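K.L.:
the sequence and its predicted three-dimensional model are supplied below.
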Amino acid sequence: MTDQPVAIGVVTISDRASRGVYEDKGGPAIIAEMNRFLSTPWRPVARVVEDEQALIEATLKELADVEGCSLIVTTGGTGPAPRDVTPEATEAVCDKMMPGFGELMRAESLKVVPTAILSRQTAGIRGRSLIINLPGKPSAIADCLNAVMAAVPYCIDLIGGAFIDTNPAVCKAFRPKK
Ligand SMILES: Nc1ncnc2c1ncn2[C@@H]1O[C@H](COP(=O)(O)OP(=O)(O)OP(=O)(O)O)[C@@H](O)[C@H]1O
Ligand SMILES: Nc1nc2c(c(=O)[nH]1)N[C@H]1C(S)=C(S)[C@@H](COP(=O)(O)O)O[C@H]1N2
């Protein structure tokens, strides 16, 4: 069997980007960061959706269950506004939550911007997929992924997802039981 590139979901959740009011910069920023981090061949499965909980849930389920994404990264919809429902959608589709991701990403973002505490970003496991929420501001993507990336490959190992390795010059993946 030939080795297929690892599928990674890239989900932009934004009313305005999904309607073409502005160009989506979040999805491309996630793809650029993943290219920087990962040494394992991978392919993005990208979606841009409105801030609608049912739509977000359906997208996360499709990427996990049909597309077989071992990792799904979302951007947007994590704040306090009425239409910000990404964490609710994430929790609704996950078997278990991984609160450490949100805690660490908020703590690191707080070094950059005092409004970091307004993000309710979280992470969780659906089957063999790790889902991680990032804020909508494109600059938040690198801040947050830099904070958690070293732990992502081992987390995916533990849930039976694809083997993912990182470029050690950028980020050394930590695998305690290698
Ligand atoms: N996908 C994106 N592409 C480019 N810029 C974005 C994107 N998402 C957010 N931004 C920028 O970050 C700012 C804050 O994002 P936020 O998610 O709070 O937007 P919002 O007010 O919820 O609106 P929307 O859901 O329409 O993006 C936006 O005003 C916009 O300038
Ligand atoms: N690193 C980082 N985190 C950040 C921000 C940012 O600019 N950089 N913006 C904050 C702001 S202003 C908000 S309202 C929340 C939620 O953003 P979201 O609704 O776009 O997900 O993320 C916060 N976290």
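P.N.:
Received, thanks. Predicted model, so just to flag it, every value in this text is computed and none were measured. Ligands and ions are numbered 1, 2, ... in the order given.
K.L.:
phi, psi of the residue nearest to residue 98 when sequence neighbours are not counted?
P.N.:
Closest residue in space to residue 98, ignoring its immediate chain neighbours: residue 123 at 4.3 Å, by C-beta to C-beta, 6 or more residues apart in numbering. All C-beta spots, glycine's among them, are computed from the backbone N, C-alpha and C. Note on residue 123: backbone dihedrals following degrees, to the nearest 10 are phi -150, psi 160.
K.L.:
tell me how many other residues crowd residue 123.
P.N.:
27 (other C-beta atoms under 10 Å).
K.L.:
just checking, it touches residue 97?
P.N.:
Yes. Look at residue 123 against residue 97 with C-beta atoms under 8 Å: they come within range, at 7.3 Å.
K.L.:
contact residues of the protein facing ligand 1?
P.N.:
For the chain, the contact set with ligand 1 under C-beta under 6 Å from any ligand atom comprises 12, 14-17, 22, 24-26, 51, 76, 79, 81, 136-138.
K.L.:
most neighbours among those, which one?
P.N.:
Greatest neighbour count in those, by other C-beta under 10 Å, goes to residue 76: 30 neighbours.
K.L.:
which parts of this structure are strands?
P.N.:
Shown for the chain, the strands assigned by DSSP state E span residues 6-13, 42-49, 71-75, 96-97, 123-126, 129-134.
K.L.:
low-confidence stretches in the chain?
P.N.:
Along the chain, segments meeting pLDDT under 70 span 1-2, 178.
K.L.:
please enumerate the helices of the protein.
P.N.:
For the chain, helices defined by DSSP state H occupy the ranges 15-18, 26-37, 53-61, 86-93, 99-110, 138-148, 152-158.
K.L.:
skipping its backbone neighbours, what lies nearest residue 25 in space?
P.N.:
When the adjacent residues along the chain are set aside, residue 25 lies closest to residue 138, with 4.3 Å between them (C-beta to C-beta, 6+ apart).
K.L.:
count the neighbours of residue 73 for me.
P.N.:
Close neighbours of residue 73, defined as other C-beta under 10 Å, add up to 27.
K.L.:
how far away is it from residue 3?
P.N.:
Per C-beta to C-beta, to the nearest Å, residue 73 is found 22 Å from residue 3.
K.L.:
ok, residue 100 next?
P.N.:
The value you get for residue 100 to residue 3, if C-beta to C-beta is used, is 30 Å.
K.L.:
so residue 99 makes contact with residue 122?
P.N.:
Yes. Checked against C-beta under 8 Å, the pair residue 99 and residue 122 is within contact range at 6.6 Å.
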